[in-house]
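Engineer: Whatever this is, show me its structure:
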Amino acid sequence: MKIGILQTGHSPEDLFGSFGDYDAMFRDMLDGNGFEFQTWAVVDGILPEGPEAADAWLITGSKHGAYEGHAWIPPLEDLIRAIHARKQPLAGICFGHQIIAQALGGKVEKYEGGWAVGPVTYQVDGKDLTLNAWHQDQVVKLPEEARVLGGNDFCRNGILAYGDHIISWQPHPEFPNAFVGGLIEKRGRGVVPDDLLDRAAAELDAPVDNQEIATFLAEFYRKERT
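Structural biologist: All right, here's what the predicted structure looks like:
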């Protein structure tokens, strides 16, 4: 199976050498499952010709907002709708979660409640999962087709599904704690309130459930669909 990674942002240069770019994190996360990968740097204006360019798709996180006026966002939304129409498997993470919702009729905005940073616990099907978060934007209005699979009091629309072929998470199952620690120092200071960053940094010894989501995502891609 060929998975097309739609890269909508880049890892900070100061962290690139240790962790790689965002697409590399997903390749590492899904390694060992026999997948083939191809990346399109959507954030740099590089998009596939259409949904048939891959068997399944993944949209990464980004420092940009889904509602911002970048030239690459409308064609990305068109591609999302085309993937959806073909019922191809599609996963979205953080910005990917938000742009899927926006493309399918939902609304994304800066959450007035502020930021979520570092290990955050989400309730998913009656189970607690802890994953790293890094966002202020949220999906505040659901598309008609969206089902809420999980969230918490701060982010109620944290995990969404559409049919059996689209799944999206607001948190980052591809981010190890050490990467979030780097984000705190390299991208967070002066943007996110210091007290929130300090609290998140103090919690980075907490275990996260990245491997559980990696297994889930691999099974999601391989699932037989009519």
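
Engineer: contacting residues for residue 204?
Structural biologist: Neighbouring residues of residue 204 by Cβ atoms under 8 Å, 6 or more residues apart in numbering: 118-119, 177-178, 180-181. For glycine as for every other residue, the C-beta is placed from the backbone atoms N, C-alpha and C.

Engineer: among the helices and strands of this structure, which has the poorest mean pLDDT?
Structural biologist: Here the helix or strand of the chain ranked lowest by mean pLDDT, DSSP states H and E is helix 13-19, holding a mean of 91.

Engineer: Let's see that helix as PDB, backbone CA atoms only.
Structural biologist: C-alpha atoms of helix 13-19 as PDB (Å, rounded to 0.1, in the frame of the first residue of the first chain):
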ATOM      1  CA  GLU A  13      15.400  23.900  11.800                       C
ATOM      2  CA  ASP A  14      17.000  23.500  15.300                       C
ATOM      3  CA  LEU A  15      15.200  20.200  15.800                       C
ATOM      4  CA  PHE A  16      15.600  18.800  12.200                       C
ATOM      5  CA  GLY A  17      18.900  17.100  12.800                       C
ATOM      6  CA  SER A  18      17.700  15.100  15.800                       C
ATOM      7  CA  PHE A  19      14.100  14.300  14.700                       C
END
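
Engineer: What residues sit buried inside the helix or strand following it?
Structural biologist: Remark: after helix 13-19, the chain's next helix or strand is helix 22-29, criterion DSSP states H and E. Using 16 or more other Cβ atoms under 10 Å as the test for burial, helix 22-29 gives 22-27, 29.

Engineer: What residues are bridge-paired with the residue nearest the centre of the chain?
Structural biologist: Centroid-nearest residue in the chain, with Cα atoms, centre = their mean: residue 93, separated by 0.9 Å. Beta-bridge partners for residue 93, by DSSP bridges, are residue 169.

Engineer: Give me the distance between it and residue 99.
Structural biologist: Plainly put, residue 93 is 10 Å away from residue 99 if you go by Cβ to Cβ, to the nearest Å.

Engineer: What of residue 59?
Structural biologist: Relative to residue 99, and taking Cβ to Cβ, residue 59 is found at 6 Å.

Engineer: Touching both of these two, which residues are there?
Structural biologist: Listed as contacting both residue 59 and residue 99 by Cβ under 8 Å, 6+ apart are 8, 76, 80, 92.

Engineer: and which of those is nearest residue 51?
Structural biologist: Nearest to residue 51 among those is residue 80, at 9.1 Å by Cβ to Cβ.

Engineer: and the closest one, which of the three is it?
Structural biologist: helix (DSSP: H, G, I helix; E, B strand; the rest coil).

Engineer: Could you pull up the contacting residues of the nearest residue to it once chain neighbours are set aside?
Structural biologist: Once flanking residues are discounted, residue 80 sits nearest to residue 103: 4.1 Å by Cβ to Cβ, 6 or more residues apart in numbering. Going by Cβ under 8 Å, 6+ apart, residue 103 touches 76-78, 80-81.

Engineer: Fine by me, thanks again.
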